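Asker: Here you go, sequence then predicted model.
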Amino acid sequence: MEDFLSNISLKVNEHVYLKDPESSKLGKKIIQGSIYLIEEFGFEAFTFKKLANHINSTEASIYRYFENKTKILLYLTVWYWSWMESRLLFSTANIKNKEEQLEIAIKILTSRVEEDGNFTHINEVKLHHIIYEESSKAYLNRHVDDENKHGVFSSYKNIVSRVSDIMLAINPEFVYPNMLTSTIIEGAHLQRFFAKHLPRLTNQTKDKDDVEHFYTLLALNTLKTAK
């Protein structure tokens with residue numbers, strides 16, 4: 001899978017940007033710098049002025065790529081889901097056992113992320129922190145319907161559909177596969193946020209990844225008992 005991913009370029013819906021940041025060295029610096037600043041200081045403190053200073057460029061140059069900082073956050077979110085969809089597809093492609101497929105899918109979607117080195121301008125570990133702490137701000141707003149109409153969230157939807165299909169292969173009578181899948185994804189993000197900021201709201205030990213383990217148990221037990 002990693003060899004395959006190293007030879008592809010993940011595409012982000014063109015509705016998100018004004019100029020594709022993957023098309024130039026400056027564009028990649030904008031993405032790299034945005035990940036660093038948002039992860040380090042938070043989305044609220046992130047500005048184009050700070051980004052311009054960080055990458056030794058100008059605010060005007062950044063505005064040629066993105067309309068505003070929310071569009072950058074949306075770009076990062078959409079890129080992340082495209083990356084996750086690719087990982088999910090190629091990690092489960094040759095697995096015949098459906099329960100094993102589901103366990104692999106949940107591991108990919110809920111476990112801690114490691115930097116894979118296939119995209120040199122993107123630190124996937126820092127991006128993962130942004131996803132579980134900040135990404136909801138990219139779509140919990142009044143523009144979400146327009147962005148959805150333009151297919152911005154297609155990769156996220158594809159992930160939910162793929163995992164839901166695996167669930168239905170395990171239990172064809174289960175009537176809530178999309179709901180369970182999206183609950184696992186968003187719930188895992190929330191639990192990681194709790195573990196970092198509000199630890200008494202979750203259960204996390206140092207020796208294992210309890211988030212991954214919890215949602216694997218939740219999914220498998222739900223599918224076994226649901227009618």
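Answerer: Noted; the coordinates are in hand.
Asker: And the helices in this structure?
Answerer: Applying DSSP state H to the chain gives helices spanning 2-5, 25-41, 48-54, 59-63, 69-92, 98-110, 124-134, 144-149, 154-170, 177-197, 210-225.
Asker: Make CSV out of the ones you listed and add distance to Asn13 and mean neighbour count.
Answerer: For the C-beta atoms, the positions are set from N, CA and C on the backbone; glycine is no exception. Converted to CSV, the helices of the chain look like this (distance: least, C-beta to C-beta, whole Å; neighbours: other C-beta atoms under 10 Å):
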stretch, distance to Asn13, mean neighbour count
helix 2-5, 19, 11
helix 25-41, 15, 19
helix 48-54, 21, 17
helix 59-63, 19, 15
helix 69-92, 6, 21
helix 98-110, 21, 19
helix 124-134, 17, 20
helix 144-149, 8, 12
helix 154-170, 7, 18
helix 177-197, 19, 17
helix 210-225, 28, 17
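Asker: Of all those helices, which one comes closest to Glu14?
Answerer: Among the helices of the chain, helix 69-92 comes nearest to Glu14, with 10.6 Å by C-beta to C-beta.
Asker: ok, the closest residue to Ile106 other than its chain neighbours - contacts?
Answerer: Excluding the flanking residues, the one nearest Ile106 by C-beta to C-beta, 6 or more residues apart in numbering is Thr216, at 5.0 Å. Going by C-beta atoms under 8 Å, 6 or more residues apart in numbering, Thr216 touches Glu103, Ile106, Lys107, Thr110.
Asker: Next: Val160.
Answerer: So Val160 contacts Asn178, Thr181, Ser182, Ile185 (C-beta under 8 Å, 6+ apart).
Asker: Pull the contacting residues for the residue nearest to it when sequence neighbours are not counted.
Answerer: Sequence neighbours aside, Thr181 is the residue nearest to Val160 in space, at 4.8 Å (criterion: C-beta to C-beta, 6+ apart). By C-beta under 8 Å, 6+ apart, Thr181 lies in contact with Ile159, Val160, Val163, Ser164, Met167.
Asker: Same check on Asn123?
Answerer: Gln32, Ile35, Tyr36, Glu115.
Asker: Against Leu198, how distant is it?
Answerer: Applying C-beta to C-beta, to the nearest Å, the value for Asn123 to Leu198 is 25 Å.
Asker: now do Ala169
Answerer: 36 Å.
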